[in-house]
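Chemist: below is the structure, and that's it, no one-letter string:
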């Protein structure tokens with residue numbers, strides 16, 4: 001009987017897709033939790049889906065089984081877990097009394113997430129993806145921003161945010177997803193060993209910080225990630241303007 005190589009053994013093709021399915025499971029579970037009125041549990045479903053989303057691609061690269069099917073399946077699951085589910089969560093948390101206007105606002109967020117994923121998929125096929133940066137805010141970061149915001153408000157006993165402020169935030173996050181602003185990738189490893197070790201240390205420190213008080217620190221971490229990348233982009237843009245003037 002011939003011995004199967006790791007790359008031809010079906011289990012190595014199945015394993016990454018199982019993690020992707022775990023992502024989808026928590027996305028669907030999150031929607032169920034929202035419909036049951038368990039908002040906090042739905043927020044934790046976003047976090048759980050993110051963990052599975054991080055590891056499915058890493059496992060596929062580790063065993064050398066990245067496939068077009070896996071890429072498409074991952075995008076579809078991401079749309080459910082980080083697009084539709086957070087949209088339903090936001091609607092029930094803050095906009096259920098806005099009726100059609102509330103649903104329209106949530107649809108804009110979901111549509112921006114879908115466009116973000118479609119662009120990423122198209123760029124992946126054409127081979128023009130920058131390994132260390134994302135073009136536009138990644139949809140998992142957007143979903144975790146709002147999940148963290150809800151947990152943050154609940155932890156501080158804030159029952160509601162001003163509707164105009166929350167509306168602007170949703171539209172702004174949606175814009176960031178479809179923008180060309182570069183956001184640092186935390187999923188891809190840097191080639192140099194010393195840099196990779198430093199990155200690992202930073203991620204461990206950030207992980208410990210979040211776990212110390214996940215209800216508050218998750219939001220602060222995602223907020224800092226977005227703010228820092230926007231600040232870097234602004235500084236580089238100003239430098240380019242000065243150089244050409």
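Modeler: Cool, got the structure. What you see is a predicted model, and the numbers here were worked out from it, not measured in a lab. Residues are numbered from 1 along each chain as shown.
Chemist: and the gap between residue 32 and residue 215?
Modeler: Separation of residue 32 from residue 215 (Cβ to Cβ, to the nearest Å): 21 Å. Any C-beta I mention is one placed from the backbone N, CA and C, and that applies to glycine too.
Chemist: count the residues that sit near residue 137.
Modeler: Residues lying near residue 137 (other Cβ atoms under 10 Å) number 27.
Chemist: ok, residue 180 - how many residues close by?
Modeler: With other Cβ under 10 Å as criterion, residue 180 counts 8.
Chemist: my bad, residue 178
Modeler: 18.
Chemist: list the contacts of it.
Modeler: For residue 178, the contacting residues are 112, 115-116, 119, 136, by Cβ atoms under 8 Å, 6 or more residues apart in numbering.
Chemist: what residues are up against the residue nearest to the spatial centre of the chain?
Modeler: Centroid check for the chain by Cα atoms, centre = their mean gives residue 140 as the closest residue, at 0.8 Å. Taking Cβ under 8 Å, 6+ apart, we find residue 140 in contact with 49-50, 53, 78, 82.
Chemist: and the least confident of those?
Modeler: Within the contacts of residue 140, residue 53 has the lowest pLDDT, namely 91.
Chemist: tell me the secondary structure for that one?
Modeler: Put simply, residue 53 is helix when judged by DSSP: H, G, I helix; E, B strand; the rest coil.
Chemist: just checking, it touches residue 75?
Modeler: No: between residue 53 and residue 75 there is no contact under Cβ atoms under 8 Å: 10.6 Å.
Chemist: please, where are all the strands along the chain?
Modeler: 133-135, 182-184 (DSSP state E).
Chemist: mind putting the ones you listed into CSV with distance to residue 44, mean pLDDT and mean neighbour count?
Modeler: Converted to CSV, these look like this (distance: least, Cβ to Cβ, whole Å; pLDDT from 0 to 100; neighbours: other Cβ atoms under 10 Å):
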stretch, distance to residue 44, mean pLDDT, mean neighbour count
strand 133-135, 24, 88, 18
strand 182-184, 24, 91, 17
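Chemist: dump those strands to JSON lines, plus distance to residue 95.
Modeler: What follows is the strands of the chain, written out as JSON lines (distance: least, Cβ to Cβ, whole Å):
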{"stretch": "strand 133-135", "distance to residue 95": "28"}
{"stretch": "strand 182-184", "distance to residue 95": "26"}
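Chemist: tell me which of those strands sits nearest to residue 149.
Modeler: Using Cβ to Cβ as the measure, strand 182-184 is the one of the strands of the chain that comes nearest residue 149, at 18.1 Å.
Chemist: in the protein, which helix or strand is least confident?
Modeler: helix 193-212 (a mean of 68; mean pLDDT, DSSP states H and E).
Chemist: any idea which helix is longest in this protein?
Modeler: Assignment by DSSP state H gives helix 214-244 as the longest helix of the chain.
Chemist: among the contacts of residue 178, who's most crowded?
Modeler: Result: residue 116 is most packed of the contacts of residue 178 (other Cβ under 10 Å), 27 neighbours.
Chemist: number of nearby residues for the spatially closest residue to that residue that is not a sequence neighbour?
Modeler: Closest residue to residue 116 apart from its sequence neighbours, by Cβ to Cβ, 6 or more residues apart in numbering: residue 177 at 4.1 Å. Applying other Cβ under 10 Å, we find 26 residues neighbouring residue 177.
Chemist: residue 177 and residue 111 touch, don't they?
Modeler: No: the pair formed by residue 177 and residue 111 falls short of the contact definition of Cβ under 8 Å, at 9.8 Å.
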